[in-house]
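# sequence first, then the predicted structure, then my questions.
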Amino acid sequence: MSQVAAPLGYTAPLGQGAAPRILVVDDEPYMCDVCTRTLQRGGYEVVSTSDPRVAERVLRGDQHFDLLLTDIKMPAMSGLELANIARERDPAIAIIIMTGFATMENLQQSVQRGIADFLSKPFELEHLRLAVDQALHKRLILQDNLRLKAIEQLLERSKALSATLELSEVANILLRVTLQQSEFRTGFVLLMEHQSKPATIVPASAGGELLAAGRRLAERAFEEQQTLVGHDTTVCRLDGVELGQALAVPLRAQGEVNGVLLLCNDEPATSRPGVQESVTLLANHAGAALRNAALYGELGQAYQRVQELDRLKSEFISIASHELRTPLSIVLGYTMMVRDQSTDEHRQYLERVMDSAQRIKDIVDDMVSLRHLETGETQFAPELVVIQELIHHAIERVRAIADERRQIINVELPEQPLEFACDREKFLLILGHLLSNAVRFTADAGRITVRTALRPAGPLDNAGRFSAPAHVSVTTPWVIVEVQDTGIGIAEHEQPRIFDRFYQVADSLTRDHGGTGLGLALVRELVSMLGGAVWVESTQGQGSTFGFALPYRQDLPSS
């Protein structure tokens, strides 16, 4: 005779979850009935049977139990065999063996199978409740330990997800780890941005084929942003074998779903405790890793485009400068010849032609200089120079334009000649650009001041304003040169970018004052090449001070 008692219902105490489920198995129906009634009064949900074969089918089915209470000696199957089946399905299940023959052999076999809870027949009902309570408490402890071990394994395995920024590699690692953790047979990662755009599908194996039903399940999980379980429909094929069970888990990153992990099997692998939770944890970690990999890929593509644009720009500069120099030389040469033979009004016209051609030549020279600095063709040619002489020479180059605009150029220089080792032409180019900018951006009748000084070795006061280089020597004294003007000034938020190539503070300034945005970029590169630093201090509407510092070396480097 056998029976399966239906649960009589259970109301969980406040603050607790569902009632623990207990399977009672004893070949004596009377014992099944007594145990069932006693445990139900204790608040447990109980299923009982007097047929071990029925118990076996129940344990191998989809039902989940927290505790198995079984007699050890039964005609069709022993309680120890049932205990083995239960442990295969759930390693943390609590097991209590009831026996009227507590022999040493039975005890030894039970201990070898991990069973340490016994009830000797006959027993009091209070002893039954106490044994069940203790066994379930041990189960909670065992579950916590297993959960901690599982989390440790998950963390260890998920480290691999963060170890690469290759999108396909992240997807392959996710599939490999989740299949090991969940015991699904195969799987797919579907990378999706939105439903209107086709998904990128990464299979776990070459023999896996995603079918229409599997794709629809993944699309539903993506749209609804929740985990879905599919069954009784063929979702994929693995080496020709059709699989009808599936688990679709959304991959999330920063609150957004960027893909779906679809796991496939031929039986409900999610019935094993903790499978879905483990897969969800891995999916959450993988979502962030996939997003990082996608962003890294986009960054790499953008960097390649920038490199290509930079190459094209450099090539254009090289070709343009070469093609412009020859006709410019002819224009300047013939214009100068005609100007020297002309008088009055015609001479003034030719002077304007000369000025405009010279302006084009200066732009081409800047482009060529930057190109040479970029390719490493520029050579450092130091010689002993007197800085006062270089400053006066640079001022004379812009004197005519400054006088035309009634601008006053003051100098504040040391009384004694300051001699140091420097590249003369590069120094003049740096100072020439700073003076030219000061003249161009200072109103008529304005004032420009050039000052220089020798500063002891050590950190420079303008450390927060450096534009180049990132690290400068502090072991030698510094030659400081500053160009101050009473011009229009520069807004504070614009100052960090004014040394960038082709950068102009505003379109209106370009129209009103001219320039290509190459001069200050060239200044920065040249100062960096000479081992110094450059900075700017400015207040909008009150003028600017551009300064640069070069190492004070008194001896030429030995060749």
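Right, received. Where do you want to start?
# how about the strands in the stretch 401-550 of the chain?
Using DSSP state E, counting those that start in this stretch, the strands of the stretch 401-550 of the chain run over residues 408-412, 419-422, 447-455, 478-485, 533-539, 543-551.
# what strands line up against the second one, and which way round?
Applying DSSP bridges to the sheet, strand 419-422 is found paired with strand 383-386 (antiparallel).
# buried stuff in the strand it pairs with?
Within strand 383-386, the residues that qualify as buried are residue 385, counting by 16 or more other C-beta atoms under 10 Å. Just so you know, the C-beta spots here come from the backbone N, C-alpha and C atoms, and that holds for glycine as well.
# show me the contacts for residue 432.
Contact partners of residue 432, counting by C-beta atoms under 8 Å, 6 or more residues apart in numbering, are 394, 397-398.
# looking at pLDDT only, which of those scores worst?
Within the contacts of residue 432, residue 397 has the lowest pLDDT, namely 88.
# name the element that one belongs to?
Assessed by DSSP states H and E, residue 397 sits inside helix 387-404.
# what's the angle between that helix and strand 408-412?
Interaxial angle, helix 387-404 versus strand 408-412 (axes from the mean of the first three to the mean of the last three C-alpha atoms, to 10 degrees): 170 degrees.
# how about helix 387-404: buried residues?
With burial defined by 16+ other C-beta under 10 Å, the residues of helix 387-404 counted as buried are 387-388, 390-391, 394-395, 398, 402.
# residues touching stretch 390-404, excluding its own?
Contacts for stretch 390-404 (C-beta under 8 Å, 6+ apart): 408-409, 411, 413, 424, 427-428, 431-432, 435-436, 439, 448, 450, 452, 481.
# run the last query once more with 10 Å
Outside stretch 390-404, the residues that touch it by C-beta atoms under 10 Å, 6 or more residues apart in numbering are 355, 386, 407-411, 413, 418, 422, 424, 427-436, 438-440, 442, 444, 446, 448, 450-452, 481, 483.
# ok, residue 356 touching residue 331?
Yes: using C-beta atoms under 10 Å, residue 356 is in contact with residue 331, at 9.5 Å.
# looking at these two, which one has more neighbours?
Taking neighbours as other C-beta atoms under 10 Å, residue 356 and residue 331 compare with residue 331 leading, 17 against 12.
# which one is that one nearest to, not counting chain neighbours?
Nearest non-adjacent residue to residue 331, counting by C-beta to C-beta, 6 or more residues apart in numbering: residue 357, 5.1 Å away.
# secondary structure element holding that neighbour?
helix 344-375.
# and the pLDDT at residue 414?
Residue 414 is assigned 91 on the pLDDT scale.
# what distance do you get for it to residue 173?
Distance, residue 414 to residue 173, by C-beta to C-beta, to the nearest Å: 67 Å.
# for residue 63, which residues are in contact?
21, 23, 47, 57, 89, 271.
# neighbour count: residue 414 and residue 173, which is higher?
residue 173 (23 against 12).
# wait, doesn't that one sit right on residue 286?
Yes: using C-beta under 10 Å, residue 173 is in contact with residue 286, at 8.1 Å.
# which of the strands of the stretch 401-550 of the chain sits closest to residue 491?
Counting by C-beta to C-beta, residue 491 lies closest to strand 533-539 out of those; the figure is 8.2 Å.
# tilt between the closest one and strand 478-485?
Using the same axes, to 10 degrees: strand 533-539 against strand 478-485 is 30 degrees.
# list the helices and strands strand 533-539 packs on?
Contact here means 3 or more C-beta pairs under 10 Å, 6 or more residues apart in numbering; DSSP states H and E; on that basis strand 533-539 packs against helix 424-440, strand 478-485, helix 519-529, strand 543-551.
# any chance of these in JSON lines, with distance to residue 100 and mean pLDDT too?
Formatted as JSON lines, the helices and strands packed on strand 533-539 follow (distance: least, C-beta to C-beta, whole Å; pLDDT from 0 to 100):
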{"stretch": "helix 424-440", "distance to residue 100": "103", "mean pLDDT": "92"}
{"stretch": "strand 478-485", "distance to residue 100": "99", "mean pLDDT": "94"}
{"stretch": "helix 519-529", "distance to residue 100": "93", "mean pLDDT": "86"}
{"stretch": "strand 543-551", "distance to residue 100": "98", "mean pLDDT": "93"}
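# which one of these lies nearest to residue 266?
Residue 266 lies closest to helix 519-529 among the helices and strands packed on strand 533-539, at 66.0 Å (C-beta to C-beta).
# what about dumping the CA coordinates of the closest one to PDB?
Extracted as PDB, the C-alpha positions of helix 519-529 are listed here (Å, rounded to 0.1, in the frame of the first residue of the first chain):
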ATOM      1  CA  GLY A 519      52.200  79.900 -33.800                       C
ATOM      2  CA  LEU A 520      51.600  78.900 -30.100                       C
ATOM      3  CA  ALA A 521      51.700  75.200 -31.000                       C
ATOM      4  CA  LEU A 522      55.100  75.700 -32.600                       C
ATOM      5  CA  VAL A 523      56.200  77.700 -29.500                       C
ATOM      6  CA  ARG A 524      55.200  74.800 -27.300                       C
ATOM      7  CA  GLU A 525      57.000  72.200 -29.400                       C
ATOM      8  CA  LEU A 526      60.200  74.300 -29.600                       C
ATOM      9  CA  VAL A 527      60.300  75.100 -25.900                       C
ATOM     10  CA  SER A 528      59.800  71.400 -25.200                       C
ATOM     11  CA  MET A 529      62.600  70.500 -27.500                       C
END
